[in-house]
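Novice: okay, here's the prediction I keep looking at, along with the sequence it came from:
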Amino acid sequence: MDQLLDVKVGCLVALLFLTLICGFAPPFLNWYMKSRITATYEIIICLISSFAAGIFLGACLLHVVADALTDIATELAYINYPMGELILSFGFFFVLFIERIVLQISMRSQSSSHDGIPLPSTPTSPEANFSEKSEPPSEIAMPPEDPHNHIHPNTYSLSSFRSLILFCSLSVHSVFEGLAIGLQSKYASALEIAIAVLIHKGIIVFSLSLKLVQSMVTPVWLAIYIIIFSLMSPIGITIGIVVTLKKSNVVTLVQAILEGISSGTFVYVTFLEILPAELNTGSKPLLRLCFIVIGFTIMAVIAIWA
């Protein structure tokens, strides 16, 4: 029992420091590389971003969703209905509903005022609103030289919202990853899961931090996100250690349901935010696809031991 507890505590400490180091690496690299090489910086960030998209895709399909469906099927095996998929859908539509409300409010607010002058209530495209607000009248009709640089404020606000949802989803999943370690009763299984989670967590937090940087999150909030995220798995391990002393069916059922809802939010952000942002970009499409596949392959290999 002492050896088992040592593995759990050692993983707790390792996860905490690994998450902090990997989480603060993208902001530092972002400043370091931007201040020196512009062209190389853009290429590297492009490839890392595609690699991160592959990581999230693999984590979504092979880890988050797979674990949630397995746990829910185990806990609700007596119900002859795909409860896992249903609970996952609740999480998906919950985020979709909230995001549509935020986007609708943002577009109405932008279309109803123009430097303090009321505008017609007829809906217009966000790009048109941004052009009217930021460009002189003589240049409104001129098409932008690079459509990727012509970004309206809603893009950043929506991207920040999706990054926040991604952060919350990953945080909840991290707690369950910690629980998976803390609930183990055998030394070998605890060590095996701990190694897989350490590798998985390091890659995930780096990718998450990169997405937060790209969403133009302020440094203060970025630091808060990373610090909170770094505490999630240790909290899960601690809870797991305590629960092993008194584990009940109710606790495991609630854990499975929350994990299913969290996986639904993860599916939404992965397929509606991260992948479209990479696949719809015109620059280096094949190279981006290769790095997406590489990232997915890494998570597929990790799934062998997870």
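Specialist: On my side now, so go ahead. Numbering: from 1, shown residues only.

Novice: now do the helix or strand containing residue 210: distance to the chain's middle.
Specialist: If you go by DSSP states H and E, residue 210 is part of helix 187-214. Offset of helix 187-214 from its chain centre (C-alpha atoms, centre = their mean, to the nearest Å): 13 Å.

Novice: ditto for stretch 77-90
Specialist: For stretch 77-90, the distance from its own C-alpha centre to the chain's C-alpha centre is 23 Å (C-alpha atoms, centre = their mean).

Novice: do the same with stretch 203-218
Specialist: Centroid separation for stretch 203-218 versus its chain: 9 Å, with C-alpha atoms, centre = their mean.

Novice: can you check stretch 294-306 too?
Specialist: On C-alpha atoms, centre = their mean, the centre of stretch 294-306 falls 17 Å from that of its chain.

Novice: just stretch 186-202 next, same as before
Specialist: For stretch 186-202, the distance to the chain centre is 21 Å (C-alpha atoms, centre = their mean).

Novice: any buried residues in it, and which?
Specialist: Neighbour-count burial for stretch 186-202 flags 190-194, 196-202 (criterion: 16 or more other C-beta atoms under 10 Å). C-beta coordinates here come from the backbone N, C-alpha and C atoms, glycine included.

Novice: ok, residues contacting it?
Specialist: Applying C-beta atoms under 8 Å, 6 or more residues apart in numbering, the contact partners of stretch 186-202 are 3-4, 7-8, 10-11, 14-15, 18-19, 22, 59, 63, 174, 177-178, 180-181, 184, 233, 299, 302, 305-306.

Novice: among those, name the buried ones.
Specialist: Among those, those that count as buried by neighbour count (16+ other C-beta under 10 Å) are 4, 7-8, 11, 14-15, 18-19, 22, 59, 63, 174, 177-178, 180-181, 184, 233, 299, 302, 306.

Novice: which of those residues fall within strands?
Specialist: Residues of the buried ones among the contacts of stretch 186-202 located in strands (DSSP state E): none.

Novice: and residue 79, its phi and psi?
Specialist: Reported as degrees, to the nearest 10, the phi and psi values for residue 79 are phi -100, psi 120.

Novice: now do the helices in the chain.
Specialist: Using DSSP state H, the helices found in the chain span residues 2-34, 38-58, 65-75, 83-111, 126-134, 153-182, 187-214, 219-243, 249-269, 275-279, 285-305.

Novice: roughly how far out does the first one sit from the chain middle?
Specialist: Looking back up the chat, that one is helix 2-34. How far helix 2-34 lies from its chain's middle: 17 Å, per C-alpha atoms, centre = their mean.

Novice: again, but for the last one
Specialist: Remark: helix 285-305 is offset 16 Å from the chain centroid, using C-alpha atoms, centre = their mean.

Novice: please apply the same query to the third one.
Specialist: Relative to the centre of its chain, helix 65-75 is centred 20 Å away, using C-alpha atoms, centre = their mean.

Novice: could you do stretch 267-284 as well?
Specialist: Counting by C-alpha atoms, centre = their mean, stretch 267-284 is centred 13 Å from the centre of its parent chain.

Novice: can you get me the start-to-end distance on that stretch?
Specialist: One end of stretch 267-284 to the other measures 25 Å (C-alpha to C-alpha, to the nearest Å).

Novice: and the contacts of that stretch?
Specialist: Here stretch 267-284 makes contact (C-beta under 8 Å, 6+ apart) with 46, 49-50, 52-53, 56-57, 60, 64-65, 88, 91-92, 95-96, 148, 159, 162, 165-166, 169, 211, 285, 288-289, 292.

Novice: which of those are buried?
Specialist: Buried by 16+ other C-beta under 10 Å: 46, 49-50, 52-53, 56-57, 60, 64-65, 88, 91-92, 95, 159, 162, 165-166, 169, 211, 288, 292, out of these.

Novice: report the spatially nearest residue to residue 85, omitting neighbours in sequence.
Specialist: Leaving aside its chain neighbours, residue 85 sits nearest to residue 69 (7.2 Å; criterion: C-beta to C-beta, 6 or more residues apart in numbering).
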